[in-house]
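Chemist: This is a predicted model, with the sequence first.
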Amino acid sequence: MGEIRVVIVDDHAMFRSGVRAELAGQAAQRAQVSVVGEGEDVDSAVAAIQAGSPDVVLLDVHLPGGGGVEVMRRAPSVDGRPRYLALSVSDAAEDVIGTIRGGARGYVTKTITGPELVAAIGRVAGGDAVFSPRLAGFVLDAFAGTIEIADVDEDLDRLTEREREVMRLIARGYSYREVAAELFISIKTVETHMSSVLRKLQLSSRHELSRWASDRRLL
């Protein structure tokens, strides 16, 4: 196909600049990709999509104002365009499956290389579904019924976004101090979030939380 118009949506300006520069570098090597807009939150993303009429939106999962799924819900769509390719640091099953259920055609992590990203954009623009290899397994498991998505959604809906972040790190074996450093919050705030997580999920210990998260492929 000809030129592919792209909007980049991410709440980190440096990351957007890096992706834009990478795509420009690939375009110089005859990759037909051009960036026509950017967004840093849900509102600016919807506005950029409306103004730029892109073929593909590179969409972060976690955004101020409601997240990537909210962007897909609110942004205008004409003749099946734009198509959405999630580009996220998160490789958690609930993020992958929730984003695909929300309408994305693919999901890749931010470890992807420039040439791989351009190839993924081209495939999504052409109608294909694209996933990083490990993430494709989550989607297959969801359709096969191995992951009970309804149960995962119901449980996670009880947690705030910050509680989900704390939950995942604690379940992976991080100490409270390590979680505090990772999320730039105090240890006391971590303790408060952890108490809330255990109460909402009706669990009694870190060990139970780790098992709960592992059973749901959230690690």
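Modeler: Structure received.

Chemist: tell me the secondary structure for the most centrally placed residue in the chain?
Modeler: To find the centre residue of the chain, average its C-alpha atoms and take the closest one (Cα atoms, centre = their mean): that gives residue 61, at 2.8 Å. Counting by DSSP: H, G, I helix; E, B strand; the rest coil, the backbone at residue 61 sits in coil.

Chemist: Show me what the closest residue to it other than its chain neighbours bridges to in the sheet.
Modeler: By the measure of Cβ to Cβ, 6 or more residues apart in numbering, the closest residue to residue 61 outside its immediate chain neighbours is residue 88, 4.3 Å from it. In short, each C-beta sits where N, CA and C put it, glycine included. Going by DSSP bridges, residue 88 is paired in beta bridges with residue 109.

Chemist: Determine the number of other residues adjacent to residue 88.
Modeler: Other residues lying near residue 88 total 21 when counted by other Cβ atoms under 10 Å.

Chemist: isn't it right up against residue 58?
Modeler: No - using Cβ atoms under 8 Å as the test, residue 88 is too far from residue 58 to be in contact (9.9 Å).

Chemist: about what we covered before: the residue nearest to the centre of the chain and residue 86 touch, don't they?
Modeler: Yes - under the criterion of Cβ under 8 Å, residue 61 lies in contact with residue 86, with a separation of 5.8 Å.

Chemist: Now for these two: what residues contact both?
Modeler: Common contact partners of residue 61 and residue 86 (Cβ atoms under 8 Å, 6 or more residues apart in numbering): 68, 99.

Chemist: so where's this structure shaky on pLDDT?
Modeler: For the chain, applying pLDDT under 70 flags the ranges 1, 27-31, 137-154, 216-219.

Chemist: Would you map the helices across it?
Modeler: Assigned by DSSP state H, the helices in the chain fall at 13-27, 42-52, 68-74, 93-102, 114-125, 133-144, 149-156, 161-171, 176-183, 187-201, 206-215.

Chemist: The fourth one - contacts with which helices or strands?
Modeler: By that I understand helix 93-102. Helices and strands in packing contact with helix 93-102 are listed as helix 68-74, strand 83-88, strand 106-109, helix 133-144, helix 149-156; criterion 3 or more Cβ pairs under 8 Å, 6 or more residues apart in numbering; DSSP states H and E.

Chemist: Next: the fifth one.
Modeler: Helix 114-125 makes packing contacts with strand 4-9, helix 13-27, strand 33-39, strand 56-59, strand 83-88, strand 106-109, strand 130-131 when contacts are defined by 3+ Cβ pairs under 8 Å, 6+ apart.

Chemist: do you know how far residue 16 is from residue 116?
Modeler: Residue 16 sits 18 Å away from residue 116, taking Cβ to Cβ, to the nearest Å as the criterion.
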